[in-house]
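Asks: Okay, predicted coordinates and the sequence, questions at the end:
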Amino acid sequence: MLFKGYMVTNLVLMIENLEHAKSRLLVVSLNGWPLGMAYVGLVAWISKEWRTYHIIFAATSAALFIILQCISLESVRWLIHQKRIRRADKIQLQIDSRNFRVNELLPKIMQSQEFEEVDI
């Protein structure tokens, strides 16, 4: 009962970021529990000892943490709010290249922010 609130936050963030309303039910249904439970069963079957089981999960968690730290990018909106316009522009270009698209509106926002920055 204690640690169940994270799932609500996770699902809300996933649903808010979906482009098509028709795919929301699919995302809610496939939220990671089946894959996680299959992984737990596989590790328990392979390890057969509780110490090895926990070491495998600790190593997996550490590896995922390091990978996510390396590939995660800072929020463009937060950087703009902090007046770090050039960094925000770089990160937006990285995001656009990963998504194979370009946000046409963002350079105009960046330019308007730079003009405000000069006036201050």
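Replies: It's in. From a predicted model like this one, the values you see are computed outputs, not experimental measurements.
Asks: contacts and neighbour counts: CA atoms only from here.
Replies: Noted.
Asks: what's the closest non-adjacent residue to Arg77?
Replies: In space, and not counting its chain neighbours, Arg77 is closest to Ala88: 7.7 Å by Cα to Cα, 6 or more residues apart in numbering.
Asks: pLDDT at that neighbour, what is it?
Replies: If you check Ala88, the pLDDT there is 88.
Asks: Correct me if wrong: it contacts Val76.
Replies: Yes: Ala88 is within contact range of Val76, at 5.0 Å (criterion: Cα atoms under 8 Å).
Asks: buried residues in the helix ranked longest in the chain?
Replies: Once the chain is assigned using DSSP state H, the helix that runs over the most residues is helix 50-71. For helix 50-71, burial by neighbour count (16 or more other Cα atoms under 10 Å) applies to Tyr53.
Asks: how about the helices in the chain?
Replies: Going by DSSP H, the chain shows helices at 5-16, 24-29, 33-47, 50-71, 76-81, 85-99, 105-119.
Asks: related to what we said a few turns ago, who has more neighbours out of Ala88 and Val76?
Replies: Ala88 (23 against 19; other Cα atoms under 10 Å).
Asks: For that one, give me its contacts.
Replies: Ser75, Val76, Arg77, Leu79, Ile80 (Cα atoms under 8 Å, 6 or more residues apart in numbering).
Asks: from what I can see the second one touches Ile91, true?
Replies: This points to Val76. Yes: using Cα under 8 Å, Val76 is in contact with Ile91, at 6.8 Å.
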